[in-house]
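**Q** Just the structure for this:
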Amino acid sequence: MVDQTNTGATDSGATEAGPSVGIQIRNLYKIFGPTPEKYLEDVKGGMTKDELRDSHNHVLGLKDINLDIKPGGIQVVMGLSGSGKSTLIRHINRLIDPTAGQMLVGDEDVVQMTEDQLRTFRRAKTAMVFQKFALMPHYTVLENTEFGLEIKGVTRKKRRGEAQRWIERVGLAGYEDSYPNQLSGGMQQRVGLARALANDAPILLMDEAFSALDPLIRTEMQSVLLDLQQDLGKTIVFITHDLDEALRLGDQVAILRDGELVQQGTAQQIVLKPADDYISSFVRDVNRGRVIRCKTLMVAGAAIEGPDVDASLVIEEAARLMSAEGVETANVTNSKGKRLGTISMSDIIGAMVPPQEDAISVI
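**A** Take a look at the predicted model:
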């Protein structure tokens, strides 16, 4: 049974990249093998992944995936190796054809598109960032960045100006004439990100995009992505096997296991209300102070004399601010400065290291 809670949505609307586009995945199945349709009903009837493999030499990639990806937000899909997360993202632009199901992008079903429609869709609606960078070694940074626009037939002057703009946005100004082998791994991935953004597609697909990077560079790239997303408001589908990365980046997080969707929700919901023991084992060692937000621990009531903290602030940052002010309690405010209630240092400490049996109600 999938635990799926859709809260914490990001507002959609016109952005620097134009209107955002949502994605609806409906009853998606993928069976790998020579005759997948032959075993579809058996899988729907309860045949396990092991039974399908051992008895019929077919592999179950995805089983009855239903997922709503909101426009203008970051949807993280995570799971262990073999969980189906990379298979899922490749269905969005139909690099993989499903055995059954729908992939609705806006009001279009990608599964039903003709080859010409699919080609147009891939060029206009989606861009992809890969784990292995996928840069052309004989192209400079500028040439790699403008490559997608060149394929689209954009004039040289226009595509060079657009590529230059994104090179500057990702922090690579001055490296336009460098070649990939002259760049660090983090810099190469910035080129890959600039190339994807230069295409101006409303959907950005990122398949383990930062997994090959060293930890410090990886954290830096996460910050770059979050900063850019503040302005762009793209619909981003981000694949990772790293829980900390998932919780930091995702407006929504979906966790897969053996091709099935186990739970979807905000970072707080995943950490504080795990759907089963499998999810609990994932989140057991998570630093809750970097996930739980002030709104969750807030106590409604009259304002007090003291500092204000934003309701969306994680409690670790709130504790740091309150310690600097030397106070035990602070006011919690919304984005417009309206005071909503209060939060105490003792509640923050209790939430960071809660007793095993305690549970926190997620707002």
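**Q** Residue 259 and residue 50 touch, don't they?
**A** No. Contact between residue 259 and residue 50 fails when scored by C-beta atoms under 8 Å: they sit 11.7 Å apart. For glycine as for every other residue, the C-beta is placed from the backbone atoms N, C-alpha and C.
**Q** And the two? Which one has more around it.
**A** Just comparing residue 259 and residue 50: by other C-beta atoms under 10 Å the higher neighbour count belongs to residue 259, 24 against 10.
**Q** Contacts only, for the more buried one.
**A** With contact set as C-beta atoms under 8 Å, 6 or more residues apart in numbering, residue 259 has these partners: 30, 49, 60, 61, 62, 63, 83, 84, 87.
**Q** thought the first one was touching residue 96?
**A** Right, residue 30. Yes. In terms of C-beta under 8 Å, residue 30 counts as a neighbour of residue 96; the distance is 6.7 Å.
**Q** tell me, what's touching those two both at once?
**A** Shared contacts of residue 30 and residue 96 (C-beta under 8 Å, 6+ apart): residue 87.
**Q** Which one's more surrounded, these two?
**A** residue 30 (23 against 17).
**Q** partner residues bridging the more buried one?
**A** With DSSP bridges applied, residue 30 shows beta-bridge pairing to residue 62.
**Q** how close does the residue nearest to the spatial centre of the chain sit to residue 256?
**A** Residue closest to the mean C-alpha point of the chain, counted by C-alpha atoms, centre = their mean, is residue 76 at 2.9 Å. For residue 76, the distance to residue 256 equals 11 Å [C-beta to C-beta, to the nearest Å].
**Q** what's the answer for residue 179, then?
**A** As defined by C-beta to C-beta, residue 179 lies at a distance of 37 Å from residue 256.
**Q** could the contacts of residue 259 go into CSV alongside pLDDT?
**A** Listed next are the contacts of residue 259 as CSV, based on pLDDT from 0 to 100:
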residue, pLDDT
30, 98
49, 92
60, 97
61, 97
62, 97
63, 97
83, 93
84, 94
87, 96
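**Q** can you redo these as TSV with distance to residue 163?
**A** Listed next are the contacts of residue 259 as TSV, based on distance: C-beta to C-beta, whole Å:
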residue	distance to residue 163
30	35
49	44
60	42
61	36
62	36
63	41
83	36
84	35
87	32
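**Q** now, which of these sits nearest residue 220?
**A** residue 83 (26.7 Å; C-beta to C-beta).
**Q** Let me see the contact set for residue 44.
**A** The neighbourhood of residue 44, defined by C-beta under 8 Å, 6+ apart, consists of 29, 64.
**Q** Sorry, wrong one. I was asking about residue 243.
**A** Going by C-beta under 8 Å, 6+ apart, residue 243 touches 78, 282, 283, 286.
**Q** before we move on, what about residue 250?
**A** Going by C-beta under 8 Å, 6+ apart, residue 250 touches 74, 75, 76, 238, 266, 267.
**Q** Cross these against strands and list the overlap.
**A** The members of those that map onto strands under DSSP state E are 74, 75, 76, 238.
**Q** Quick check: the gap between the last one and residue 40.
**A** Going back to what we said before, that points to residue 238. Relative to residue 40, and taking C-beta to C-beta, residue 238 is found at 29 Å.
**Q** taking the mean pLDDT, what do you get for the strand or helix carrying residue 316?
**A** Residue 316 belongs to helix 315-325 when elements are defined using DSSP states H and E. Mean pLDDT, helix 315-325: 93.
**Q** what helices or strands is the helix or strand just after it leaning on?
**A** Using DSSP H and E, the helix or strand that follows helix 315-325 in sequence is strand 329-333. With contacts taken as 3 or more C-beta pairs under 8 Å, 6 or more residues apart in numbering; DSSP states H and E, strand 329-333 sits against strand 308-310, helix 315-325, strand 339-344.
**Q** Can you say which of the ones you listed is packed in most?
**A** Highest mean neighbour count of the helices and strands packed on strand 329-333: strand 339-344, a mean of 19 (counted as mean count of other C-beta atoms under 10 Å).
**Q** Out of the ones in strands among the contacts of residue 250, which end up buried?
**A** 74, 75, 76, 238 (16 or more other C-beta atoms under 10 Å).
**Q** which one of the residues you listed is nearest residue 150?
**A** Checking those against residue 150 with C-beta to C-beta, the nearest one is residue 238 at 26.4 Å.
**Q** Help me confirm that residue 197 comes into contact with residue 169.
**A** Yes. With contact defined as C-beta under 8 Å, residue 197 reaches residue 169; the gap is 7.2 Å.
**Q** list residues touching both of these two?
**A** residue 228.
**Q** Looking at those two, which is more packed in?
**A** Between residue 197 and residue 169, counting by other C-beta under 10 Å, residue 197 is the more crowded of the two (25 against 20).
**Q** Who are the packing partners of the helix or strand where that one lies?
**A** Assigned by DSSP H and E, residue 197 belongs to helix 185-198. When contacts are defined as 3+ C-beta pairs under 8 Å, 6+ apart, helix 185-198 sits against strand 126-130, helix 141-145, helix 147-152, helix 156-169, helix 215-232.
**Q** any idea which of those is most buried?
**A** When the helices and strands packed on helix 185-198 are scored by mean count of other C-beta under 10 Å, the highest mean neighbour count falls to helix 141-145 (a mean of 24).
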